[in-house]
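Asker: Sequence and computational prediction follow.
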Amino acid sequence: MNYWLVKSEPSTYPWDQLVKEKEGMWDGVRNYAARNNLMAMKKGDQVLFYHSNEGKEVVGLAEVSKEHYPDPTAKEGDWVVVNVVPVEKFPKTVTLAQIKGDSRLKEMALVKLSRLSVSPVRREEFDIIVGLAHD
């Protein structure tokens, strides 16, 4: 199993909308590195759901429910989507400030590649963030 972090602006696609829909298509990615990460996702992989710009915090845990397929919103190019389902809204959000302030997370892609909308998360990082959300 692999672990990932996906970013969405709450004004565009908030966690609560994913919960309401019960399954969401992660579309609109137009960055090659992020696209490659979508293509590497496998059914059952765990996904940290991060609210970007407003909030700047990990708010919940999702799971990949359908592996990559062509992005129906793309007018041109080789873009893909995956589907995700909500697993858990975290009891406490984990803020970007908390993540940046934790020396154990200093190498996390969210910190090092802050513009990347879909990034891999190491198992240790995933466990730390889930632990912080449940403290």
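Answerer: Noted; the coordinates are in hand.

Asker: And the closest residue to A109 other than its chain neighbours, its phi and psi?
Answerer: Leaving out its chain neighbours, the residue that sits closest to A109 by Cβ to Cβ, 6 or more residues apart in numbering is S119, at 3.7 Å. (Glycine included, C-beta is placed from N, CA and C.) When read as degrees, to the nearest 10, the backbone of S119 gives phi -140, psi 150.

Asker: Can you give me every residue that contacts S119?
Answerer: S119 makes contact with W4, L5, A34, N37, A109, L110, L113 under the criterion Cβ atoms under 8 Å, 6 or more residues apart in numbering.

Asker: Drop anything exposed from these.
Answerer: W4, L5, A34, N37, A109, L110 (16 or more other Cβ atoms under 10 Å).

Asker: ok, those vs V85, which is closest?
Answerer: Nearest to V85 among the buried ones among the contacts of S119: W4, at 13.7 Å, using Cβ to Cβ.

Asker: any idea how far the residue nearest to T73 when sequence neighbours are not counted lies from V82?
Answerer: Nearest residue to T73 in three dimensions, chain neighbours excluded: D27, at 4.8 Å (Cβ to Cβ, 6+ apart). D27 sits at a distance of 9 Å from V82 (criterion: Cβ to Cβ, to the nearest Å).
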